[in-house]
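Novice: After the sequence you'll find the predicted model.
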Amino acid sequence: MGSSAPARAAGGRRDPGENPAVGRLRELFTGDAADGWEKSWEFGVTPWDLGKPTPVIEHLVRSGTLPKGRALVPGCGMGYDVVALASPERFVVGLDISDLAVKKAKQWSSSLPNADYFTFLAEDFFKWIPSEQFDLIFDYTFFCALDPSLRVAWGETVNRLLKPDGELLALIYLISDQEGGPPYNNTVADYQKVLEPLGLKAILMEDNELAIKPRKGCEKIGRWKRYAHQSSL
Ligand SMILES: C[S@@+](CC[C@H](N)C(=O)[O-])C[C@H]1O[C@@H](n2cnc3c(N)ncnc32)[C@H](O)[C@@H]1O
């Protein structure tokens with residue numbers, strides 16, 4: 001989070017807390033988190049917002065290597081990545097707990113040529129029950145935005161919402177050695193800790209070479225699938 005005002009913490013990682021906009025964001029989180037997110041949208045304190053899809057998503061879409069079918073982007077914000085992923089082969093649901101975020105996402109995107117292939121819903125990721133599971137879930141600055149006490153539930157929800165052969169794609173925004181959040185400290189190990197016990201195995205973990213400049217060197221691409229079940233008979 002924080003696409004401007006780079007500041008490095010110990011270990012070469014970014015300290016988002018040094019970005020004044022992130023400081024303002026944190027001041028909005030005095031009680032209920034859902035209320036904090038609604039206020040951030042209301043006051044326009046959205047330091048994570050790139051104003052465009054993240055470049056690696058456009059690259060992966062062009063490469064044709066992402067699962068087709070149904071995709072979910074939880075905590076989608078303005079939904080640029082939702083729109084970038086949507087096509088006749090891939091229907092995308094963008095989910096955000098903030099009514100205002102969803103309203104804004106719909107406003108800018110509803111007359112785009114691919115508008116039939118995505119939708120935005122104002123729902124809590126942890127409580128929402130869709131009619132069908134997903135072939136792909138894409139997480140970008142959602143996991144790190146959640147209070148760490150929700151991480152196990154995040155993993156369980158991803159697991160519940162993915163089809164048996166579905167894939168989780170996450171851009172991991174590495175943050176360490178700083179206090180509080182959002183965004184909270186997070187490492188690759190934090191994801192592994194909640195995903196591995198559920199049988200989700202990392203099939204790819206590499207630096208995101210296409211990260212935007214202020215996040216270069218602080219972002220990994222992770223892709224997870226379920227362990228293939230092989231009969232020993
Ligand atoms: C840091 S922003 C990231 C937005 C977007 N992924 C991006 O990269 O621009 C996190 C978003 O998650 C949303 N959010 C937080 N808790 C949520 C929940 N429980 N369910 C759905 N959305 C949630 C917030 O409203 C906010 O828009």
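Specialist: The structure has been received and is ready for your questions. Residues are numbered from 1 along each chain as shown.
Novice: Any idea how far the worst-scoring helix or strand of the chain on mean pLDDT is from the middle of the chain?
Specialist: Least confident helix or strand of the chain, by mean pLDDT, DSSP states H and E, is helix 20-27 with a mean of 94. Here helix 20-27 is found 20 Å from its chain centre; the criterion is Cα atoms, centre = their mean, to the nearest Å.
Novice: What of stretch 137-157?
Specialist: Distance, centroid of stretch 137-157 to centroid of chain: 8 Å (Cα atoms, centre = their mean).
Novice: still on that earlier bit, at contact distance from the ligand, anything in the least confident helix or strand of the chain?
Specialist: No. Shown here: helix 20-27 not in contact with the ligand (Cβ under 6 Å from any ligand atom), separated by at least 8.6 Å. C-beta coordinates here come from the backbone N, C-alpha and C atoms, glycine included.
Novice: ok, then the element right after that helix?
Specialist: Using DSSP states H and E, the helix or strand that follows helix 20-27 in sequence is helix 33-42.
Novice: What is that following helix packed up against?
Specialist: With contacts defined as 3 or more Cβ pairs under 8 Å, 6 or more residues apart in numbering; DSSP states H and E, helix 33-42 has these neighbours: helix 99-109.
Novice: name the helices or strands packed onto the helix it packs on?
Specialist: Secondary-structure packing of helix 99-109 (3+ Cβ pairs under 8 Å, 6+ apart): helix 33-42, helix 80-85, strand 90-96, strand 118-122.
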